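Q: Whatever this is, show me its structure:
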Amino acid sequence: MTETHTWSYDGTELAWLQAGLEQTGRSEGHVVGELVPGGFDAYLRVFHRFEASDGSGRTRSWRERAGDAGRPFHAEMSHWPLVQDESGPDADVRWLADSGQPDVVTRRALARCLARVTGDQPVLFAYDLAAALWGEPGPLVRRSTLAELDSSRRCVAAEVGLGAGRGEITGPEFWWPEDRSWVVTSDHDLVSTYVGCSAEAAALILADHEAEALPVTPRTRVDFHADDVNSG
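A: Numbers count the residues shown, from 1 in each chain. I've put the predicted structure just below:
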């Protein structure tokens, strides 16, 4: 008999965050407000870098890939027009971006920027997919600091039996400080991370040379069909 698990945020540290989200199921597509609670001064889309599929380790920003493809770079851009060049020396190369979590460079840049407005106060890191794979009824939430984000990921990987050749940890899908002054959300279906924060924190992220971001609003579309500019 198949065992089913009922997933719930009720009674967890994530309850406040989930209560502040818009309801899903919009016929016209999904928006930032379904991922990040309302009430923040600023919202950002943080793009996960592309990596070449040829094993070279080459990475490109979304702005660079948009330039390669002759496409406008904008806040509702889809990754689909940027996956492969139509001609040239890289025509056989696919450019892939991580879904569900930012690449390591972007993740560390986000942590670095947010640390400047957060200091050493505790930060909560919530893991959805890891918890689901482990059969938990709700998210795994760990309290640490931004400086310890990478070690938190390693600890959760060890808890659920990942790492050391047994697969990599995905997440955290949500992170926020004790004072709830910002929230970072990475949905497992998306190749960008979304942030709600203060104007000061947003300015730091937008100015960081390793974090590629654009301002958005709670009404900005996040689904892959949102890119009307590059749909042709």
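
Q: Tell me, how many residues neighbour the closest residue to V191 other than its chain neighbours?
A: Distances taken as CB to CB, 6 or more residues apart in numbering put A97 closest to V191, at 4.1 Å, once the chain neighbours are dropped. C-betas here are computed from N, CA, C, even on glycine. A97 is flanked by 22 other residues according to other CB atoms under 10 Å.

Q: Run a quick neighbour tally on the closest residue in space to V160 that isn't next to it in sequence.
A: Sequence neighbours aside, W134 is the residue nearest to V160 in space, at 4.4 Å (criterion: CB to CB, 6+ apart). Number of residues near W134 (other CB under 10 Å) recorded here: 14.

Q: Same question for W175.
A: Neighbour tally, W175, other CB under 10 Å: 26.

Q: For it, list each beta-bridge partner.
A: F125, V184 (DSSP bridges).

Q: pretty sure it is touching T118, no?
A: No. If you go by CB atoms under 8 Å, W175 and T118 don't touch, sitting 10.3 Å apart.

Q: Quote the end-to-end distance of stretch 173-189.
A: 11 Å (CA to CA, to the nearest Å).

Q: i'd like the first residue to be 496 from this point on
A: Let's use 496 as the start, then, which means that last one is stretch 668-684.

Q: Now do that stretch: everything it contacts.
A: Under the criterion CB atoms under 8 Å, 6 or more residues apart in numbering, residues 509, 511-512, 530-532, 535, 594-597, 605, 609, 612-613, 616-624, 634, 644, 665-667, 688-693, 696, 717 lie in contact with stretch 668-684.
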